[in-house]
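Novice: Provide a 3D model corresponding to the input given below.
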Amino acid sequence: MELKQYLKTNCHWENRVIISPNELMAIYTKANYQPTSKLIDFLIHFYNQEFQFPKVDVHFNLKKALANNPHYLLYDQFCELLQVSNICPFGEYEHGLMVLLVDDRNNIYGVIDDYVEQFGNDYFKMLNQLYNR
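Specialist: Model prediction:
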């Protein structure tokens, strides 16, 4: 089954705006993170969504992801690990063990400790990779 069909049928996801870009920016600003416009464009449709794929779960509960990955504690560590100048968390997978991060160039990563999984720079392809595990 195609990813979007799976999301609509099994997860009751609707491709509609859930939250405004301004509300997302306020959440990120409060947490001291700077999201990219491409991330905001993705999250307006996936904010607080949780999906159980056949072999992995993923959620975009932004406040939970930000609380689990506070800027003051992990930002520098993530930037150093990924060798980038800016990162922004936006979700988690594998029961919250791996954080989803994006850098200024919209490269998407999954990180736990020192292990990094790269997903490219397309959010739907990232979801598709998780779905097809």
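Novice: contacts for the helix ranked longest in the chain?
Specialist: Taking DSSP state H as the criterion, the chain has its longest helix at helix 71-82. Outside helix 71-82, the residues that touch it by Cβ atoms under 8 Å, 6 or more residues apart in numbering are 31-33, 69, 85-87, 101, 103, 109, 111, 114, 116. Where C-beta positions appear, they are placed from N, C-alpha and C, glycine not excepted.
Novice: Could you dump the residues you listed into a markdown table with distance to residue 14 and pLDDT added?
Specialist: As requested, the contacts of helix 71-82 are exported to a markdown table (distance: Cβ to Cβ, whole Å; pLDDT from 0 to 100):
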| residue | distance to residue 14 | pLDDT |
| --- | --- | --- |
| 31 | 27 | 97 |
| 32 | 31 | 96 |
| 33 | 27 | 97 |
| 69 | 28 | 95 |
| 85 | 36 | 95 |
| 86 | 31 | 96 |
| 87 | 29 | 97 |
| 101 | 26 | 98 |
| 103 | 29 | 98 |
| 109 | 28 | 98 |
| 111 | 30 | 97 |
| 114 | 38 | 91 |
| 116 | 32 | 97 |
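Novice: PyMOL command for the buried members of the residues you listed?
Specialist: Those of those that count as buried under 16 or more other Cβ atoms under 10 Å are selected in PyMOL with:
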select buried, resi 31+33+69+86+87+101+103+109+111
